[in-house]
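Participant: everything below, folded, please.
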Amino acid sequence: MHTQPQPSPMLKAIDLMRVNIDGLVLLDLEAHAVEVLSTIAALNDYINSPHRKSRDEQVNAQKLGRDLSLHMARVRDLMQARQSAYAMTQVMQSASSPSLSAMPVMGRRSRVIRPLTSADNAASGPLEIPGNKPTAWDTEARRGGEAKEAGAHPQSGEASLQAKR
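Facilitator: Alright, predicted model coming up:
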(Lines give C-alpha, C1' and ligand atoms only; values in the text may rest on other atoms or scores of the structure.)
Protein backbone atom coordinates (compact mmCIF):
# COMPACT_ATOMS: atom_id res chain seq x y z
CA MET A 1 0.00 0.00 0.00
CA HIS A 2 1.43 3.33 -1.03
CA THR A 3 0.85 6.32 1.15
CA GLN A 4 0.91 9.78 -0.23
CA PRO A 5 3.81 11.83 1.07
CA GLN A 6 2.82 14.54 3.52
CA PRO A 7 4.14 18.07 3.02
CA SER A 8 6.61 19.30 5.58
CA PRO A 9 5.32 21.58 8.33
CA MET A 10 7.33 24.42 6.78
CA LEU A 11 5.50 24.13 3.44
CA LYS A 12 2.17 23.79 5.19
CA ALA A 13 2.91 26.93 7.26
CA ILE A 14 3.70 28.91 4.13
CA ASP A 15 0.47 27.75 2.47
CA LEU A 16 -1.60 28.59 5.55
CA MET A 17 -0.17 32.10 5.78
CA ARG A 18 -1.10 32.72 2.14
CA VAL A 19 -4.81 32.10 2.76
CA ASN A 20 -6.96 35.22 2.49
CA ILE A 21 -8.51 35.07 5.93
CA ASP A 22 -10.41 38.33 5.51
CA GLY A 23 -12.81 36.63 3.10
CA LEU A 24 -13.54 33.61 5.30
CA VAL A 25 -16.76 33.13 7.25
CA LEU A 26 -16.71 32.12 10.90
CA LEU A 27 -16.89 28.35 10.31
CA ASP A 28 -14.06 28.48 7.77
CA LEU A 29 -12.00 30.61 10.17
CA GLU A 30 -12.47 28.03 12.91
CA ALA A 31 -11.33 25.23 10.58
CA HIS A 32 -8.36 27.35 9.48
CA ALA A 33 -7.45 27.98 13.13
CA VAL A 34 -7.39 24.23 13.81
CA GLU A 35 -5.03 23.71 10.87
CA VAL A 36 -2.79 26.56 11.99
CA LEU A 37 -2.57 25.20 15.53
CA SER A 38 -1.74 21.69 14.31
CA THR A 39 0.94 23.12 12.00
CA ILE A 40 2.45 25.14 14.88
CA ALA A 41 2.60 21.92 16.89
CA ALA A 42 4.24 20.09 13.97
CA LEU A 43 6.80 22.91 13.60
CA ASN A 44 7.60 22.74 17.31
CA ASP A 45 8.05 18.97 17.02
CA TYR A 46 10.40 19.48 14.08
CA ILE A 47 12.40 22.15 15.90
CA ASN A 48 12.73 20.07 19.06
CA SER A 49 13.38 16.74 17.31
CA PRO A 50 16.81 15.16 17.80
CA HIS A 51 17.36 14.77 14.04
CA ARG A 52 20.27 16.63 12.53
CA LYS A 53 19.33 19.96 11.03
CA SER A 54 21.49 22.66 9.57
CA ARG A 55 21.54 26.04 11.24
CA ASP A 56 19.57 27.51 8.32
CA GLU A 57 16.86 24.84 8.65
CA GLN A 58 16.57 25.52 12.36
CA VAL A 59 16.35 29.31 11.93
CA ASN A 60 13.85 28.96 9.06
CA ALA A 61 11.59 26.69 11.10
CA GLN A 62 11.72 29.07 14.08
CA LYS A 63 10.91 32.06 11.87
CA LEU A 64 7.98 30.25 10.29
CA GLY A 65 6.75 29.31 13.77
CA ARG A 66 6.83 32.96 14.87
CA ASP A 67 5.13 34.11 11.68
CA LEU A 68 2.46 31.44 12.00
CA SER A 69 1.84 32.45 15.62
CA LEU A 70 1.29 36.05 14.50
CA HIS A 71 -1.03 34.76 11.78
CA MET A 72 -2.95 32.80 14.43
CA ALA A 73 -3.36 35.95 16.52
CA ARG A 74 -4.91 37.69 13.51
CA VAL A 75 -7.18 34.70 12.91
CA ARG A 76 -8.35 34.85 16.53
CA ASP A 77 -9.05 38.57 16.21
CA LEU A 78 -11.12 37.98 13.09
CA MET A 79 -13.00 35.14 14.75
CA GLN A 80 -13.82 37.35 17.71
CA ALA A 81 -14.95 40.17 15.41
CA ARG A 82 -17.17 37.80 13.43
CA GLN A 83 -18.66 36.36 16.63
CA SER A 84 -19.43 39.81 18.00
CA ALA A 85 -20.94 40.88 14.67
CA TYR A 86 -23.10 37.76 14.71
CA ALA A 87 -24.19 38.50 18.27
CA MET A 88 -24.93 42.10 17.32
CA THR A 89 -27.16 41.02 14.44
CA GLN A 90 -28.99 38.64 16.78
CA VAL A 91 -29.59 41.47 19.25
CA MET A 92 -30.73 43.81 16.48
CA GLN A 93 -33.14 41.19 15.12
CA SER A 94 -34.58 40.47 18.55
CA ALA A 95 -34.88 44.20 19.30
CA SER A 96 -36.80 44.82 16.09
CA SER A 97 -39.42 42.18 16.96
CA PRO A 98 -42.59 43.60 18.55
CA SER A 99 -42.53 41.08 21.39
CA LEU A 100 -41.29 42.53 24.67
CA SER A 101 -40.84 39.10 26.20
CA ALA A 102 -37.83 38.52 23.95
CA MET A 103 -36.07 41.56 25.46
CA PRO A 104 -33.46 40.63 28.04
CA VAL A 105 -34.07 41.73 31.60
CA MET A 106 -31.70 44.54 32.48
CA GLY A 107 -29.95 43.82 35.74
CA ARG A 108 -27.93 46.17 37.86
CA ARG A 109 -24.63 45.39 36.13
CA SER A 110 -25.95 44.90 32.60
CA ARG A 111 -24.27 46.65 29.72
CA VAL A 112 -26.24 48.39 27.01
CA ILE A 113 -24.99 47.69 23.51
CA ARG A 114 -25.97 50.36 21.03
CA PRO A 115 -25.69 50.03 17.28
CA LEU A 116 -22.77 51.77 15.62
CA THR A 117 -25.11 54.28 14.01
CA SER A 118 -26.45 55.64 17.30
CA ALA A 119 -25.74 59.25 18.23
CA ASP A 120 -23.74 58.20 21.30
CA ASN A 121 -21.14 56.50 19.14
CA ALA A 122 -20.91 59.21 16.50
CA ALA A 123 -17.77 61.31 16.52
CA SER A 124 -18.28 65.04 16.96
CA GLY A 125 -15.80 65.80 14.22
CA PRO A 126 -12.90 64.33 12.35
CA LEU A 127 -10.54 62.45 14.60
CA GLU A 128 -7.03 63.80 14.83
CA ILE A 129 -4.07 61.85 16.00
CA PRO A 130 -2.07 63.88 18.51
CA GLY A 131 1.46 64.57 17.44
CA ASN A 132 0.84 64.82 13.70
CA LYS A 133 0.48 68.60 13.63
CA PRO A 134 3.63 70.68 13.75
CA THR A 135 4.03 72.47 17.04
CA ALA A 136 5.78 75.74 17.85
CA TRP A 137 8.82 73.70 18.83
CA ASP A 138 8.95 72.15 15.35
CA THR A 139 8.50 75.42 13.46
CA GLU A 140 10.85 77.76 15.35
CA ALA A 141 14.49 77.89 14.43
CA ARG A 142 16.71 75.76 16.54
CA ARG A 143 19.03 77.69 18.78
CA GLY A 144 22.17 76.42 20.27
CA GLY A 145 25.86 76.98 20.26
CA GLU A 146 25.60 80.77 20.55
CA ALA A 147 28.06 80.77 23.46
CA LYS A 148 30.71 79.25 21.23
CA GLU A 149 30.48 81.97 18.61
CA ALA A 150 32.76 85.00 18.77
CA GLY A 151 31.17 87.92 20.53
CA ALA A 152 28.57 85.78 22.17
CA HIS A 153 27.55 86.16 25.77
CA PRO A 154 30.54 85.49 27.98
CA GLN A 155 30.33 82.60 30.35
CA SER A 156 30.50 83.18 34.09
CA GLY A 157 34.29 82.97 34.47
CA GLU A 158 35.05 84.90 31.29
CA ALA A 159 33.08 88.02 32.30
CA SER A 160 35.35 88.70 35.23
CA LEU A 161 38.50 88.20 33.08
CA GLN A 162 37.32 90.70 30.46
CA ALA A 163 36.44 93.24 33.13
CA LYS A 164 39.99 93.09 34.59
CA ARG A 165 41.65 93.81 31.22
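Participant: the helix or strand residue 94 falls within - contacts with which helices or strands?
Facilitator: Assigned by DSSP states H and E, residue 94 belongs to helix 55-96. Packing partners of helix 55-96 (3 or more CB pairs under 8 Å, 6 or more residues apart in numbering; DSSP states H and E): helix 9-17, helix 26-48. Quick note: C-beta positions are derived from backbone N, CA and C, even for glycine.
Participant: how about residue 46, what does it touch?
Facilitator: 8, 9, 10, 61 (CB atoms under 8 Å, 6 or more residues apart in numbering).
Participant: and of those residues, the nearest to residue 26?
Facilitator: residue 9 (25.9 Å; CB to CB).
Participant: for the closest one, the count of nearby residues, please.
Facilitator: Residue neighbour count, defined by other CB atoms under 10 Å, stands at 22 for residue 9.
Participant: one more: residue 72?
Facilitator: Using other CB under 10 Å, residue 72 has 18 neighbouring residues.
Participant: likewise for residue 83?
Facilitator: 13.
Participant: tell me the most buried of the helices and strands packed on helix 55-96?
Facilitator: Most buried of those, by mean neighbour count (mean count of other CB atoms under 10 Å): helix 9-17, with a mean of 18.
Participant: follow-up on the earlier one: and the helix holding residue 94, what's its mean pLDDT?
Facilitator: Helix 55-96 shows a mean pLDDT of 92.
Participant: tell me the secondary structure for residue 2?
Facilitator: Recorded secondary structure, residue 2: coil (DSSP: H, G, I helix; E, B strand; the rest coil).
Participant: the one 4 residues further on too?
Facilitator: Of the three states, residue 6 takes coil under three-state DSSP.
Participant: re the thing from before, would you turn the helices and strands packed on helix 55-96 into JSON lines with distance to residue 74?
Facilitator: What follows is the helices and strands packed on helix 55-96, written out as JSON lines (distance: least, CB to CB, whole Å):
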{"stretch": "helix 9-17", "distance to residue 74": "10"}
{"stretch": "helix 26-48", "distance to residue 74": "10"}
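Participant: reformat these as CSV; add distance to residue 89 and mean pLDDT.
Facilitator: Compiled in CSV, the helices and strands packed on helix 55-96 are given as follows (distance: least, CB to CB, whole Å; pLDDT from 0 to 100):
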stretch, distance to residue 89, mean pLDDT
helix 9-17, 29, 94
helix 26-48, 12, 94
